[in-house]
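Q: Generate coordinates for the sequence data below:
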Amino acid sequence: MPHDVEKSSLVYGVDLYRFVKDIKFVLLFYVTGDLMTMIYVIGSGLAQEGNPIVSAFSSMNGLYSIVLFKVFFTIALLGNYTYIIHSTAGKKQGQTFAWNALRHTTLQ
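A: Here you go, the predicted structure:
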């Protein structure tokens, strides 16, 4: 039974080290850098959050709740990575192109 659970999990057969290595700039600039900048600027009153959903969520739950959005984003990126690498369409059409297109457009 545990073997079946492993096969149906999100990251079964995925090289997590390669995933983290592939998204190192996304983690550095978008997740960490943007998060630190947002917390500093919004906390000091120099700016406001422009996204109404994130703004409403952070006003109800506190400024540091924005971390949840970054975590959910990283999980969604892992899900996309897993789908692209393991999909048969991705293997036929060159999954490296699709993955590179996704992770590079994330930074822009």
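Q: What helices and strands are in contact with the helix or strand where residue 34 lies?
A: Element membership for residue 34 (DSSP states H and E) is helix 34-44. For helix 34-44, the elements it packs on are helix 66-86, judged by 3 or more Cβ pairs under 8 Å, 6 or more residues apart in numbering; DSSP states H and E. C-beta here means a position set from N, CA and C on the backbone, and glycine is covered the same way.
Q: buried stuff in the helix it packs on?
A: 66, 69-70, 74, 77-78, 81-82, 84-85 (16 or more other Cβ atoms under 10 Å).
Q: now these in JSON lines, with pLDDT and distance to residue 30?
A: Below are the buried residues of helix 66-86 laid out as JSON lines (pLDDT from 0 to 100; distance: Cβ to Cβ, whole Å):
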{"residue": "66", "pLDDT": "88", "distance to residue 30": "13"}
{"residue": "69", "pLDDT": "88", "distance to residue 30": "11"}
{"residue": "70", "pLDDT": "90", "distance to residue 30": "8"}
{"residue": "74", "pLDDT": "89", "distance to residue 30": "9"}
{"residue": "77", "pLDDT": "86", "distance to residue 30": "10"}
{"residue": "78", "pLDDT": "87", "distance to residue 30": "14"}
{"residue": "81", "pLDDT": "81", "distance to residue 30": "15"}
{"residue": "82", "pLDDT": "80", "distance to residue 30": "19"}
{"residue": "84", "pLDDT": "77", "distance to residue 30": "19"}
{"residue": "85", "pLDDT": "73", "distance to residue 30": "21"}
